[in-house]
Each structure stands twice: as structure tokens, then as C-alpha cells.
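Participant: no FASTA, just this:
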């Protein structure tokens, strides 16, 4: 009887790496930028995006993280509703993260080997002044 196994860990790429800068915006306008999280390994991994506390390390922030919010699914997007290949239901179920002027979605999910997930960061310019937030992406098995 021959038995074999291969130990691996999650390999990933985040593009752009950092930072995302929306630049100057007129109050009340909206801009959207995309971050791509790509699985470069041979196993699935799960990810979750959290808000980092200002001045804290990722490990310290994890204790006080602001979680993704669960979004209620509208009746027309029920599991039984035909979506014709659309990923709207998946988007609603993965939640979003609201941070001041910024909304991040999806803020959690699973990515298969050699797959990728586009993460949308939306900025709705609110009050006058600078808004800056720190996020971290927690990836299982890294």
C-alpha cells in the first residue's frame, strides 16, 4: 500500500498591493476602484476583509475587528430565483463592509486554485476633508 501527501500553503497575489487613492473628489460624487485577490496555489482558501484599528498591528486589530455586515437578500434574489448566470445573489450573501466614505464588497469568500476575486472599493465623498481607512485581508492557510 503506497500512501503519499504533499503539504502546501496558500499562495496569493493582491493587485494593486497598496495604497488605493481616490484623489480629490467633489462632495456627493462616487468613484469605484477594484482590487484583485488571486489564488496562485493548488488549494482553495477563504478570505475575509477587516477594518484595522489605527496604529495597531493586524494581530491586535483582529481582536477588535469590524466584521462584514450581513445583507438581507431581497425576495427577488431568493436562492430559487433564476439568475441566468448572474452573481447578484453571491454578492448579497458575501456581505459588505462600510467604513466611513468607503464600502468594500465582497468582504469574504472562497477562491479556488488559480482563481481570482475582484473586490470593489467604492468611495462616496461625504463631509469635506480627508478620509483614510486601513484594511487587512485575512487569508486562511497562509
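Facilitator: Nice, I can see it. Source: prediction; values computed, not measured.
Participant: quick one: low-confidence parts of this protein?
Facilitator: 54-94 (pLDDT under 70).
Participant: could you pull out the strands for it?
Facilitator: Here the chain has its strands, by DSSP state E, at 12-15, 30-39, 45-51, 97-99, 102-105, 108-111, 116-124, 135-139.
Participant: Am I right that residue 101 is in contact with residue 131?
Facilitator: Yes: with contact defined as C-beta atoms under 8 Å, residue 101 and residue 131 form a contacting pair (4.5 Å). In short, each C-beta sits where N, CA and C put it, glycine included.
Participant: so what sits against both of the two?
Facilitator: residue 123 (C-beta atoms under 8 Å, 6 or more residues apart in numbering).
Participant: Serialize the strands of the chain to a markdown table and add fields for distance to residue 3 and mean neighbour count.
Facilitator: Listed next are the strands of the chain as a markdown table, based on distance: least, C-beta to C-beta, whole Å; neighbours: other C-beta atoms under 10 Å:
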| stretch | distance to residue 3 | mean neighbour count |
| --- | --- | --- |
| strand 12-15 | 29 | 13 |
| strand 30-39 | 27 | 15 |
| strand 45-51 | 25 | 21 |
| strand 97-99 | 43 | 18 |
| strand 102-105 | 43 | 19 |
| strand 108-111 | 28 | 18 |
| strand 116-124 | 33 | 16 |
| strand 135-139 | 29 | 17 |
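Participant: between residue 101 and residue 131, which one's more packed in?
Facilitator: residue 101 (19 against 14; other C-beta atoms under 10 Å).
Participant: so what's residue 119 closest to, chain neighbours aside?
Facilitator: residue 35 (4.5 Å; C-beta to C-beta, 6 or more residues apart in numbering).
Participant: OK, contacts around the one you found?
Facilitator: With C-beta under 8 Å, 6+ apart, residue 35 has these contacts: 14-16, 20, 118-119, 121.
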